[in-house]
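Colleague: structure for this input, please:
(one chain, ligands or ions: 1)
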Amino acid sequence: MNKAEVLAKVLPDVTDVVASAEHFAPSNIALCKYWGKRDAELNLPINPSLSISLRDLGTHTKVTPLDQPVDRVILNGHEMHPETKFAQRISRFIDLFRRDSAIGFLVETRNNIPTQAGLASSASGFAALTLALNDSFGFNLSKEALSMIARMGSGSASRSIYQGFVEWHMGHREDGLDSHAHPIDIQWPGLAVGLIKIDVGEKSIDSRSGMQRTIETSHLYNSWPAQANADLAKLHEALNTHNFELLASTAEHNAMSMHATFASSWPPLVYWLPDSLAAMHKVWQLRQQGLALYFTMDAGPNLKLLFEKSSLNDVVSHFPEMELVLPFGE
Ligand code: DP6
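Modeller: Residues are numbered from 1 along each chain as shown. Next up, the predicted model:
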């Protein structure tokens, strides 16, 4: 089944009157990672995942209909050549909504997180674009449907429709209508995330290709879905009992397990740089000295520290370069 066939099931039969619309969506960091697709066209995952949204860090996107059949994409103030992968990915996504091929869009998108740096800008990008297009076309879709559609742009975008803790239910249907995210109604005002930017250049292997290579070649991948499901259960327990050590240690173990599947791919996929490893060792050393500090990492070299606000001064003294995010506000 392709994306257009799925969209035909959920989009209302409305006019093609479109207006300009603007939306923000937060970036998110998975505590239990999405890694591996059972359907690469629809981004249907092999395992469920759970994330925390980064509040004000993310993507603002404005869409404005044009009287011409081509789209224009402006990323962080720079117009992208229509042939770039980025502009084409956006145009193909708009095609899913577009009824009248004579209507192009000016898409102005601005990230306040580094693009392509393992800080999940595609997640907030496709979520913001989905929300903006929904308003522009006047579709009035439910959050569930929006999450499901954003997923088809980028899997992790399904979670960026919401703030706070979010779970993406993997679903089982072939058309993926049951594969979307839900917010988890738990607040954790004391939770802090620290972004450690090791390298913010474009990564060499994107998540899509990385997942594919891991599934095809890593002998460790077979054990990943069971690990992810067990971690998800632990994360729920940690959330329900407000147990920081359980939450953060599960997230770190989950990330390390995912990276182990990368490393055992062929050719090997190692996203860590020497400075990533140095920062990881520093976290482990500080933990041995009694600081409740953990990290998670995505398919990139950067670390996302996890700690409680009460440890902020200690953490800042060891990682002064860290960018602090308080997912539940001050
Ligand atoms: C490691 O959502 O970027 O960040 O669906 O191919 O666009 P595509 O992949 P993407 O993968 C994110 C992978 C991850 C883990 C996660 O965010 O759950």
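Colleague: other SSEs contacting the helix or strand hosting Ala123?
Modeller: Assessed by DSSP states H and E, Ala123 sits inside helix 121-136. Counting contacts by 3 or more C-beta pairs under 8 Å, 6 or more residues apart in numbering; DSSP states H and E, helix 121-136 is packed against strand 21-32, strand 49-66, helix 85-97, strand 104-111, helix 143-153. Where C-beta positions appear, they are placed from N, C-alpha and C, glycine not excepted.
Colleague: to the ligand, which of these lies closest?
Modeller: Ranking those by proximity to the ligand (C-beta to the nearest ligand atom) places strand 21-32 first, at 3.4 Å.
Colleague: okay if I get the helices and strands packed on helix 121-136 as TSV plus mean neighbour count, distance to the ligand and mean pLDDT?
Modeller: Below are the helices and strands packed on helix 121-136 laid out as TSV (neighbours: other C-beta atoms under 10 Å; distance: least, C-beta to the nearest ligand atom, whole Å; pLDDT from 0 to 100):
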stretch	mean neighbour count	distance to the ligand	mean pLDDT
strand 21-32	24	3	97
strand 49-66	23	5	96
helix 85-97	17	9	94
strand 104-111	21	14	95
helix 143-153	24	7	98
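Colleague: ok so, going back, output the helix holding Ala123 as CSV, nothing but the C-alphas.
Modeller: Below are the C-alpha coordinates for helix 121-136, written out as CSV (Å, rounded to 0.1, in the frame of the first residue of the first chain):
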residue,chain,number,x,y,z
SER,A,121,14.9,18.1,13.1
SER,A,122,13.1,15.9,10.6
ALA,A,123,10.7,15.0,13.4
SER,A,124,9.7,18.5,14.3
GLY,A,125,9.9,19.5,10.6
PHE,A,126,7.4,17.0,9.3
ALA,A,127,5.1,17.5,12.3
ALA,A,128,5.1,21.3,11.8
LEU,A,129,4.5,20.9,8.1
THR,A,130,1.6,18.4,8.7
LEU,A,131,0.0,20.8,11.2
ALA,A,132,0.4,23.8,8.9
LEU,A,133,-1.0,21.9,5.8
ASN,A,134,-4.0,20.6,7.9
ASP,A,135,-4.9,24.2,8.7
SER,A,136,-4.1,25.5,5.2
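Colleague: ok and that helix relative to helix 85-97, angle-wise?
Modeller: 30 degrees (axes from the mean of the first three to the mean of the last three C-alpha atoms, to 10 degrees).
Colleague: now the angle from helix 121-136 to strand 49-66?
Modeller: Using the same axes, to 10 degrees: helix 121-136 against strand 49-66 is 50 degrees.
Colleague: does any part of helix 121-136 sit near the ligand?
Modeller: Yes - on the criterion C-beta under 6 Å from any ligand atom, helix 121-136 is in touch with the ligand at 122-123.
Colleague: all helices for this protein, in order.
Modeller: Secondary structure of the chain by DSSP state H: the helices cover 3-10, 85-97, 121-136, 143-153, 207-217, 224-241, 244-263, 274-288, 312-318.
Colleague: please identify the most buried of those.
Modeller: helix 121-136 (a mean of 27; mean count of other C-beta atoms under 10 Å).
Colleague: now that one: mean pLDDT?
Modeller: The pLDDT scores in helix 121-136 average 95.
Colleague: which residue, other than its chain neighbours, is closest to Ile3?
Modeller: Just so we're on the same page, residue 3 is Lys rather than Ile. Met152 (5.0 Å; C-beta to C-beta, 6 or more residues apart in numbering).
Colleague: ok, that neighbour touching Asn43?
Modeller: Yes - with contact defined as C-beta atoms under 8 Å, Met152 counts as touching Asn43 (5.9 Å).
Colleague: now stretch 62-73 - C-alpha only, CSV.
Modeller: Extracted as CSV, the C-alpha positions of stretch 62-73 are listed here (Å, rounded to 0.1, in the frame of the first residue of the first chain):
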residue,chain,number,x,y,z
LYS,A,62,4.6,28.6,7.3
VAL,A,63,2.9,27.4,4.1
THR,A,64,1.6,29.9,1.6
PRO,A,65,-0.3,28.8,-1.5
LEU,A,66,1.1,30.1,-4.8
ASP,A,67,-0.4,30.7,-8.2
GLN,A,68,2.1,28.4,-9.8
PRO,A,69,2.5,24.7,-10.0
VAL,A,70,5.9,24.5,-8.3
ASP,A,71,6.8,24.6,-4.6
ARG,A,72,9.5,26.9,-3.1
VAL,A,73,11.2,25.8,0.0
